[in-house]
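Engineer: Next input, structure requested:
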Amino acid sequence: MITSPREFSWKDSTTWKVFLYCFIAFLLLAIVVTIIQSFILYRNEHQHLENNLLQIKEIYVPFLVSSLWITDYEPLQRQIEGIAKFNYIDRVEVHDEDQHLWVAGKDVQEFQEPVTYKLIYTYRDTEQDIGDIILYTNSEQIKSVIIDNAYSLFLIQLLLAFILSSIMAGAFYIVIGKNLIRIARFIKTDNPGENSHPLTLQRNFKIRDELQMLIDYLNEMRQRIKNSVQEIKELSYHDQLTGLYNRRFFEEELKRLNTERNLPLSILMIDVNGLKLINDAFGHKAGDQLLQKVARVIKTECRTDDIISRIGGDEFVILLPKTDKQQVASLGERLIEEIQNEKIKNLSVSASIGWETKKGDKEDINSVFKRAEDYMYSKKAYKKDSQRQHSLQIILNTLFTKESREREHARRVSDLSVAIGVALGLSESEVKELKIAGQYHDIGKIALQEDILNKKGKLTDIELKEIKRHPELSYNILSSVNEFGPIAEIVLYHHERWDGKGYPSGPQGEEIPLQSRIIMVADAYDAMTDDRPYRKALSKEEAVAQLKKGAGSQFDPKIVEVFLKKVLSV
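Structural biologist: The predicted model follows:
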């Protein structure tokens, strides 16, 4: 459901978003700059403190040593008071060897960090400890300086961010924003199907910028829409694959023709048989060719005024005004005969056809359509499985013709599988299923490319992935016939390994159907002992060794044991 756009508000404004995005960008930049500046200031102030301590140690400490040695205490006191005035030094204490104390600066606090230097008097290569000096440094003061500086710097940058964002948003609105609003309002109210003036920009200068390009593209698009309305309308009534009318047109025509002057009004339904089977076996391109062949036959056999429509994947319907039941029955018989003359990939094409005729004006046309459809489906159900089973045999023969070695391979796998089944004591019905599954286990290869099947070198990853599709393809083809449902299940799992590393789905052990495990062993043995494009056949002894090696990993160990002892008599 298409709804009208909501009314424009400042929250939708691109100008507001430009301001917001710019402000956020500048704000992030301000944070980064403040952090960097604070780090630099912190490093500098710490370096300043270290320089002060070095200066005290190298200049003041020798003087203090001299004053203490000669007991000249007045200059000593002046020196420590001078030291207390250094940045980030709150308190200075000097102790002599007699525990006399000289102090300058503030009281000792918990956050102060003491730095102690020994006062050593040196005379004629002898040293004497005459006291020490303790300097109480204030790291909290450094933090305070950094925080104050960062706060001031960030406020200044915040103000600049607001000013710059406002300037940029204002410039955007003047150059672009107001014209975007005008374009939006024009698009909302314009109807390109009617005569209307082209959209132009309202600004005092001419420049070939992105906005002007947008205006030109909009005007060009309006013209294209106007020119395409009729073409789109026509396309909406046709099926692109067959060129026939589609369901939408059929439903409108059914209403239009449902009048007394068109009586008797007949409806003929056609359902193409085996479309899914063709798609699975030969690909969707072949399925499309099948539908096109049927469409051509229908157009050839129908009158110019008859309405022919494709209303589903494989369903066609014909509306025949002023056509009685005898005439529509005659047309149905001709269509059946002509469709059966067509072939696709050596398979005969067939269709199920049903019809019904509206004779009286009071009769419900939908009921007539339903009866024609039911008649068609009753015919389809009657011959569905027999036709599909026949098609399966043709597909298998086509595979054998394309790949001659597949015929003998399928026969040998079938015989070996039966022999294993009998040796395992399977029932007669299970052995029969094994026989059929062995014959059809590679039918899905009909959909694979010949050059991949016959490649002499190593397969690429893509080619190997393609080869591994054939169990699923075989399943899809076989499952189209109800009678072959159990066979399809057996074939689907015949490349699954005992250790769960097989394909397509990876079950392991006894999760894999028993008959699939039997075919796995029979298929592997025959493949090893037969020449392949990529290698020569292995000897019986070599193949047996490979089966023993794979027992418990690739193959069911019990089946391998029975196969070797009771079938091969090894």
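Engineer: In this structure Ser479 contacts Pro486, no?
Structural biologist: No. Assessed by CB atoms under 8 Å, Ser479 is found out of contact with Pro486, at 9.9 Å. In short, each C-beta sits where N, CA and C put it, glycine included.
Engineer: Check which residues of stretch 78-92 are buried.
Structural biologist: Gln79, Ile80, Ile83, Ala84, Phe86, Tyr88, Ile89, Asp90, Arg91, Val92 (16 or more other CB atoms under 10 Å).
Engineer: can you tell me which two in the residues you listed are farthest apart?
Structural biologist: Gln79 and Tyr88 (18.4 Å; CB to CB).
Engineer: Distance-wise, check Tyr121 relative to Ile70.
Structural biologist: 10 Å (CB to CB, to the nearest Å).
Engineer: If you count surrounding residues, which of the two has more?
Structural biologist: Tyr121 (15 against 10; other CB atoms under 10 Å).
Engineer: who does that one bridge with?
Structural biologist: Gln128 (DSSP bridges).
Engineer: what residues are up against it?
Structural biologist: Neighbour list for Tyr121: Val65, Leu68, Trp69, Glu127, Gln128, Ile130 [criterion: CB atoms under 8 Å, 6 or more residues apart in numbering].
Engineer: cutoff 6 Å now
Structural biologist: Val65, Trp69, Gln128, Ile130 (CB atoms under 6 Å, 6 or more residues apart in numbering).
Engineer: which SSE is the closest residue to Leu492 other than its chain neighbours in?
Structural biologist: Distance criterion CB to CB, 6 or more residues apart in numbering; nearest residue to Leu492, sequence neighbours excluded, is Tyr475 at 4.1 Å. Element membership for Tyr475, per DSSP states H and E: helix 470-478.
Engineer: Helix or strand for Asp132, just tell me which one.
Structural biologist: strand 126-137.
Engineer: going on from that strand, what's the next piece of helix or strand?
Structural biologist: helix 139-172.
Engineer: Quick check: what element follows that next one along the chain?
Structural biologist: Taking DSSP H and E, what comes next after helix 139-172 is helix 178-189.
Engineer: Could I get the average pLDDT for that following helix?
Structural biologist: The average pLDDT within helix 178-189 is 72.
Engineer: ok, back up a step: check the offset of the strand holding Asp132 from the chain's centre.
Structural biologist: 75 Å (CA atoms, centre = their mean, to the nearest Å).
Engineer: which residues are in contact with it?
Structural biologist: Outside strand 126-137, the residues touching it (CB under 6 Å, 6+ apart) are 68, 88-97, 112-121.
Engineer: Equivalent analysis for stretch 314-322, please.
Structural biologist: In contact with stretch 314-322 (CB under 6 Å, 6+ apart) are residues 253, 257, 262, 265-266, 268-272, 275, 306-311, 328.
Engineer: if we can go back for a sec, give the contact list for the residue nearest to Leu492.
Structural biologist: For Tyr475, the contact set (CB under 6 Å, 6+ apart) comprises Ala488, Val491, Leu492.
Engineer: Please report how far it lies from Ile232.
Structural biologist: Taken as CB to CB, the span from Tyr475 to Ile232 is 41 Å.
Engineer: likewise Leu290?
Structural biologist: Per CB to CB, Leu290 is found 29 Å from Ile232.
Engineer: By mean pLDDT, which helix or strand of this structure comes out lowest?
Structural biologist: helix 178-189 (a mean of 72; mean pLDDT, DSSP states H and E).
Engineer: tell me the angle that helix makes with helix 139-172.
Structural biologist: Angle of helix 178-189 versus helix 139-172, following axes from the mean of the first three to the mean of the last three CA atoms, to 10 degrees, is 60 degrees.
Engineer: which helices and strands sit right next to the lengthiest helix in the chain?
Structural biologist: Longest helix in the chain, counting residues (DSSP state H): helix 14-55. Using 3 or more CB pairs under 6 Å, 6 or more residues apart in numbering; DSSP states H and E as the contact test, the elements touching helix 14-55 are helix 139-172.
Engineer: mind redoing it with 8 Å?
Structural biologist: For helix 14-55, the packing partners by 3 or more CB pairs under 8 Å, 6 or more residues apart in numbering; DSSP states H and E come out as strand 126-137, helix 139-172.
Engineer: which ones are touching Met520?
Structural biologist: His494, His495, Glu496, Arg497, Ile512, Gln554, Phe555, Asp556.
Engineer: tell me the secondary structure for the third one?
Structural biologist: Classification of Glu496 into helix, strand or coil gives coil, according to DSSP: H, G, I helix; E, B strand; the rest coil.
Engineer: Could I get the pLDDT score of it?
Structural biologist: pLDDT, Glu496: 94.
Engineer: how far away is the closest residue to it other than its chain neighbours from Asp107?
Structural biologist: Setting aside the residues directly before and after it, Glu496 is nearest to Gly502 in space (CB to CB, 6+ apart), at 3.9 Å. For Gly502, the distance to Asp107 (CB to CB) stands at 85 Å.
Engineer: More neighbours: the two, which one.
Structural biologist: Gly502 (21 against 9).
Engineer: give me the number of residues near Val567?
Structural biologist: Neighbour tally, Val567, other CB under 10 Å: 19.
Engineer: State the distance from it to Tyr525.
Structural biologist: 9 Å.
Engineer: And Val61, by the same measure?
Structural biologist: For Val61, the distance to Tyr525 - CB to CB - is 98 Å.
Engineer: which of those two has more neighbours?
Structural biologist: It is Tyr525, of Val61 and Tyr525, that has more neighbours when counted by other CB under 10 Å, with 26 against 19.
Engineer: need the contact list for the more buried one.
Structural biologist: Leu416, Ala543, Leu547, Phe563.
Engineer: State the distance from it to Ile134.
Structural biologist: For Tyr525, the distance to Ile134 - CB to CB - is 95 Å.
Engineer: what's the answer for Leu41, then?
Structural biologist: 28 Å.
Engineer: ditto for Asn476
Structural biologist: Distance from Asn476 to Ile134, by CB to CB: 92 Å.
Engineer: Quick one, grab the pLDDT at the residue of the chain most remote from its centre.
Structural biologist: The centre of the chain is farthest from one residue, Ile70, which by CA atoms, centre = their mean lies 89.5 Å away. For Ile70, the pLDDT comes out at 78.
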